[in-house]
Every structure is written in structure tokens, then in C-alpha cells.
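Next input, structure requested:
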Amino acid sequence: GLQATIEKQSDAPLEKEKASAEDLRKDSSEAALMPVVPQETFEEARDSGINGDPDAGEVRKKLATDYQANLEGRANELEEALKAAPDIQSAQDFQRVFKILEVVYTTDGQQRAGSVISQAGGLLFLYAPDGLFRLPIDQVRQIDYYNSDEVQLEDLNKNTEQPPEKEK
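Alright, predicted model coming up:
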């Protein structure tokens, strides 16, 4: 039964699969957006909370401000690196490199297509041929996913409430 199946599966060696170029690109982009708060700032915030420090609220605000500033700086650096990528100079190049396209629909009826590369600091980072977009998560209504061979990227960037028709 099920136990025998589980035991049989656990004896099999794990098959390793080489990561695709798209997976590696997304992983490195996501890692680039993980801001690191200086250890002393973190320890100050932790200690003020533990000790019931009356200035704990101010320390937490400083921690949040430092985090957001670091995140924005890293996002700007990443955007410059992405813009300089020699393999993506057009929407067609983008669609060739990124096999999955995401369309993010916002609460104000807008939509933007590209590749979601990270989520950090209350923002969703969407890379598109025309830049790196920082979308507040609380304004994201829906995300649709498409294989890049199902639709044209240009059709996905229209401001409409209706998702595009998939090509047959």
C-alpha cells in the first residue's frame, strides 16, 4: 500500500536537475533585493524591545527606515544591472529569456506584464522590458501566469480589466 510506496520512493536516489538560466536569473535578482540591516541596528532594536525601553518605538522606526532605504538602494542597483543585460534589449528578447510571463492587476484597474522577481518590504518587484517596477502589495489585486509562447508581451500591458486571450 501507501507505506510500501513511500519506502520504495525513499530508496531511490535523488535525481538532480540543472537549474535553468531563468531560474538562476530570478534567484540572483531575488537575493540582490534582500537587504541586510546592520548588526548593531538589529541588536539595538532587539535589546530595546526586550528591556522595555521607552524609546523602543523610535528604535523600531529607525530599523524600518534603514531597511526601506537599503531595499530601495539595492532595487536601484538591480535595475541598472538588469537594464545593462546584453541578452534583453527588446520585448521579444524578454519573452525569449523569461519562459513564464506574469501579469499583475492592480486595484486601480491597471495591469503590467513582466516577471515577478521578488517580494520584499511590502513591495512586489516586477521586471519588464521597460524597467523594474515596485508595486505595493496591498494594491495588487491579482496575478496571472502565462507561458511566453501563449501570448504576446505587448498584448499583456494594456490597461484593462479583462485578461488577454491565450493563443491556440
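
ranges for the helices of this protein?
For the chain, applying DSSP state H gives helices covering 2-11, 21-32, 39-50, 56-83, 91-97, 153-156.

hey, least reliable of the ones you listed by pLDDT?
Mean pLDDT values for these show the minimum at helix 2-11, a mean of 48.

Looks like residue 145 contacts residue 104 (just checking).
No: under the criterion of C-beta atoms under 8 Å, residue 145 is not in contact with residue 104, lying 10.6 Å apart. Using the backbone N, CA and C atoms, a C-beta is placed for each residue, glycine as well.

In terms of neighbours, single out the busier of the two.
residue 104 (22 against 10; other C-beta atoms under 10 Å).

wouldn't the more buried one be in contact with residue 126 here?
Yes: under the criterion of C-beta under 8 Å, residue 104 makes contact with residue 126 at 5.7 Å.

anything in contact with each of the two?
Common neighbours of residue 104 and residue 126 (criterion: C-beta atoms under 8 Å, 6 or more residues apart in numbering): 112, 114, 116, 135.

which among those residues gets closest to residue 100?
residue 116 (9.3 Å; C-beta to C-beta).

So that closest one versus residue 55, what's the distance?
Distance of residue 116 to residue 55, given as C-beta to C-beta, to the nearest Å: 38 Å.

higher neighbour count, these two?
Legend: neighbour count by other C-beta under 10 Å for residue 116 and residue 55, higher for residue 116 (22 against 11).

what's the nearest residue to that one if we skip its chain neighbours?
Excluding the flanking residues, the one nearest residue 116 by C-beta to C-beta, 6 or more residues apart in numbering is residue 102, at 4.9 Å.

what about the one you found, distance to residue 64?
For residue 102, the distance to residue 64 - C-beta to C-beta - is 28 Å.
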